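> need a 3D model of the following:
(chains A and B)
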Amino acid sequence: MSDIASKVKAIIVDKLGVDESEVTVEASFTNDLGADSLDTVELIMEFEKEFDLAIPDDQAEKISTVGEAIAHIEANKK
Amino acid sequence: MEFKRVVITGLGTVNPLGNSVQEYWEGLKNGVSGAARITRMDSDLHKTQFACELKNFDPTVYVEKKEVRKHDPYTLYAFASSQQAIDDSGLDLETLDKDRAGVIWGAGIGGLQTFYEEVRAYDLSRPKFNPYFIPKMIANIAGGLLSIRYGFRGPNFTTVSACASASHAMIEAFNYIRMGKADLFITGGSEAAINEAGLCGFNSMRALSTRNDDPATASRPFDKDRDGFVMGEGSAALIFEEYEHAKARGAKIYAEFVGGGMSADAYHMTAPDPEGKGASLVMKWALEDAGIKAEDIDYINVHGTSTPLGDIAEPKAIQACFGDHAYKLSISSTKSMTGHLLGAAGAIEGIASILALQNGIIPPTINHFTDDPEIDPKLDFTFNVAKERQIKYALSNTFGFGGHNASVIFKKY
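Numbering: from 1, shown residues only, chains lettered A, B, ... in the order given. As a prediction, the model looks like this:
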């Protein structure tokens, strides 16, 4: 697992209070991990802070799974 | 319109004297101080370094661990006291008509901790604010979330009148039930302002005691050497229920709520009217609302915050309203033990009044060392030691910044 992936998963475990084993690449924040719309916004903000990048709303809306988050961050990290 | 009667059928609290009604009453009876050096933040640099914090409060008793971070402490405290009150009431939530059950809650400030933390966090997340900032912080969210927890679809709003908030909430709950618009309410209040914003904010106003070398004696209402109030935190919840509704289900009845008064000082942003005109008026309205005479009252749980000005104005107001009967009253400020719970004060002091009625024991005003020559020594403030006295009517005063006054009257059942 890449460094980015492990950090992303750690943030999700912390914010959503889920078990690490549930945070698979395919897991959807809302359907699988119990996040509501506010949690999702908060997660995006945590990713921005952790990886020092800005995720505009139109792109954030397309990030609904753990894998999509990791892919977006890997592609956009400075 | 013929008014319906309103009784109290459930109680719950988390406050500086304990995390249950029983622990609270033990503390009140025995004159225990809830004050100590602040534990949750480093207060070395602060003018005031102590407060009446909750002790060993565990929110996960009341909400799932992963839900805790979504709520400001003031809401977590509300969850705790309300769950206790609902359990205590013996209500069957399956059969209850939830369209006629509501929540009228009191909060003086609301999510101050959240406000403080998230405004600071914004410096790092600019231009985005945490999405939970608004819903966690707003002063009405505790009441809203209580309705969700219990499915109560009846009237639901929050009263905000600083330290009178919970009393206003109780009066409104009383009004809706007696007018026949609801069967029952969770009412009361919660506050969680012991953080840097709250402590330093009140400190700058010179409202707080700075007796850092002896926190336990810092809240000393009506003592000559009082030097300000001591911050408290926590929550109290009361189940207000229409009398016939309570009787029909065989509910345990603690006391009857018989009247409430509201007034304003119309004087100053934070200082009380020195003659206590608004305070005298609010007690008069409460008596009138209850349909009783001044002579019927046996006990007053006073606002008595241990501030230099307030503790002079309130006895004057009592004497203006009660005349010679003032000398026959038992009076006490339980803030000497709990500190000042701000928007929740009316609720925990309501419970203190109810337990005094029920047990025939007047809780004391602790920490009395020296009489204040500006306060009539013939008034009985129940200094230092609780007193046995069978009483029928208890009145509880709350006064808030902005000059908001609310008084409530409970009757022994």
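
> flag the shaky bits of chain A, pLDDT-wise.
Residue ranges of chain A with pLDDT under 70: none are present.

> interface residues of it facing chain B?
The interface of chain A toward chain B, taken as Cβ under 8 Å from any Cβ of the partner chain, is made up of A:15-18, A:34, A:37-39, A:41-42, A:45, A:48-49. All C-beta spots, glycine's among them, are computed from the backbone N, C-alpha and C.

> centre-most residue in chain B?
Nearest residue to the geometric centre of chain B (Cα atoms, centre = their mean): B:A345, 1.9 Å.

> quick revisit: go through the residues of chain A next to chain B and name the one nearest chain B.
A:G17 (2.4 Å; Cβ to the nearest Cβ).

> could you pull up the contacting residues of the closest one?
Neighbour list for A:G17: B:E64, B:K65, B:K66, B:E67, B:R69 [criterion: Cβ atoms under 8 Å, 6 or more residues apart in numbering or on different chains].

> which members of those additionally contact chain A?
Contacts with chain A within those, as defined by Cβ under 8 Å from any Cβ: B:E64, B:K65, B:K66, B:E67, B:R69.

> how about the second one: what's its closest non-neighbour residue?
What that stands for is B:K65. Leaving aside its chain neighbours, B:K65 sits nearest to A:G17 (6.1 Å; criterion: Cβ to Cβ, 6 or more residues apart in numbering or on different chains).

> can I get the CA coordinates of stretch B:178-194 in PDB?
Listed next in PDB are the C-alpha coordinates belonging to stretch B:178-194 (Å, rounded to 0.1, in the frame of the first residue of the first chain):
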ATOM      1  CA  ARG B 178     -51.700  23.800  30.000                       C
ATOM      2  CA  MET B 179     -53.200  25.200  26.800                       C
ATOM      3  CA  GLY B 180     -53.800  21.700  25.600                       C
ATOM      4  CA  LYS B 181     -51.400  21.900  22.700                       C
ATOM      5  CA  ALA B 182     -49.100  19.000  23.800                       C
ATOM      6  CA  ASP B 183     -49.100  16.100  26.300                       C
ATOM      7  CA  LEU B 184     -45.500  16.300  27.400                       C
ATOM      8  CA  PHE B 185     -42.100  17.900  26.900                       C
ATOM      9  CA  ILE B 186     -38.500  17.200  27.500                       C
ATOM     10  CA  THR B 187     -37.500  20.600  28.900                       C
ATOM     11  CA  GLY B 188     -34.500  22.000  30.700                       C
ATOM     12  CA  GLY B 189     -31.200  23.200  29.400                       C
ATOM     13  CA  SER B 190     -27.500  22.600  28.800                       C
ATOM     14  CA  GLU B 191     -24.300  24.600  28.600                       C
ATOM     15  CA  ALA B 192     -20.700  23.900  28.000                       C
ATOM     16  CA  ALA B 193     -18.700  27.100  28.100                       C
ATOM     17  CA  ILE B 194     -15.700  26.100  30.100                       C
END
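
> pull out the buried positions in that stretch.
Within stretch B:178-194, the residues scored as buried using 16 or more other Cβ atoms under 10 Å in any protein chain shown are B:178, B:182-194.

> from those, pick the one nearest B:A142.
Relative to B:A142, the closest of the buried residues of stretch B:178-194 is B:S190; by Cβ to Cβ it sits at 5.8 Å.

> now the helices for chain A?
Using DSSP state H, the helices of chain A run over residues A:3-16, A:37-51, A:57-60, A:66-76.

> widest-spaced pair of the ones next to chain A among the contacts of A:G17?
B:E64 and B:R69 (10.8 Å).

> comparing those two, which shows the higher neighbour count?
Neighbour count, other Cβ atoms under 10 Å in any protein chain shown: between B:E64 and B:R69, B:R69 has more, with 14 against 10.

> who in the stretch 51-200 of chain B is up against chain A?
So the stretch 51-200 of chain B meets chain A at B:E64, B:K65, B:K66, B:E67, B:R69, B:L124, B:S125, B:K128, B:N130, B:P131, B:Y132, B:P135 (Cβ under 8 Å from any Cβ).

> for the second one, grab phi and psi.
Reported as degrees, to the nearest 10, the phi and psi values for B:K65 are phi -50, psi -40.

> look up the pLDDT of it for me, please.
Reported pLDDT at B:K65 in the predicted model: 90.

> and for the last one?
Predicted confidence (pLDDT) for B:P135: 97.

> what about it, neighbour count?
With other Cβ under 10 Å as criterion, B:P135 counts 17.

> still on that earlier bit, and of the contacts of A:G17, the nearest to chain A?
The closest of the contacts of A:G17 to chain A turns out to be B:K66 (Cβ to the nearest Cβ; 2.4 Å).

> is that closest one located within a helix, as I assumed?
Yes: per DSSP: H, G, I helix; E, B strand; the rest coil, B:K66 lies within a helix segment.

> now do the contacts for it.
The contact partners of B:K66, by Cβ under 8 Å, 6+ apart, come to A:L16, A:G17, A:V18, A:G34.

> what do you get for B:A193?
Here B:A193 is in contact with B:G108, B:I109, B:L112, B:Q113, B:L199, B:M231, B:E233, B:L342 (criterion: Cβ under 8 Å, 6+ apart).

> quick one on the thing from earlier: which one of the helices of chain A lies nearest to B:Y267?
Closest of these to B:Y267 is helix A:37-51, at 42.3 Å (criterion: Cβ to Cβ).

> could you dump that closest one to PDB, C-alpha only?
The C-alpha trace of helix A:37-51 is given here as PDB (Å, rounded to 0.1, in the frame of the first residue of the first chain):
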ATOM      1  CA  SER A  37     -23.100  14.400   3.100                       C
ATOM      2  CA  LEU A  38     -21.400  16.500   5.900                       C
ATOM      3  CA  ASP A  39     -19.000  13.700   6.700                       C
ATOM      4  CA  THR A  40     -18.000  13.500   3.000                       C
ATOM      5  CA  VAL A  41     -17.200  17.200   2.900                       C
ATOM      6  CA  GLU A  42     -15.200  16.900   6.100                       C
ATOM      7  CA  LEU A  43     -13.200  14.000   4.600                       C
ATOM      8  CA  ILE A  44     -12.300  16.000   1.500                       C
ATOM      9  CA  MET A  45     -11.100  18.900   3.700                       C
ATOM     10  CA  GLU A  46      -9.000  16.500   5.700                       C
ATOM     11  CA  PHE A  47      -7.400  15.200   2.500                       C
ATOM     12  CA  GLU A  48      -6.700  18.700   1.400                       C
ATOM     13  CA  LYS A  49      -5.000  19.500   4.700                       C
ATOM     14  CA  GLU A  50      -3.000  16.300   4.900                       C
ATOM     15  CA  PHE A  51      -1.700  16.400   1.300                       C
END
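
> beta-bridge partners for B:I409, please?
On DSSP bridges, the residues paired with B:I409 through beta bridges are B:G259, B:L395.

> pLDDT below threshold where in the stretch 301-413 of chain B?
For the stretch 301-413 of chain B (pLDDT under 70), the answer is none.

> mind listing the strands for it?
Ranges of strands in the stretch 301-413 of chain B, per DSSP state E, counting those that start in this stretch, are B:330-332, B:361-362, B:387-388, B:393-400, B:404-412.

> buried deepest among those strands, which one?
strand B:393-400 (a mean of 29; mean count of other Cβ atoms under 10 Å in any protein chain shown).

> what packs against it?
Strand B:393-400 makes packing contacts with helix B:165-178, helix B:277-290, strand B:299-301, helix B:310-322, helix B:345-359, strand B:404-412 when contacts are defined by 3 or more Cβ pairs under 8 Å, 6 or more residues apart in numbering or on different chains; DSSP states H and E.

> lovely, talk soon.
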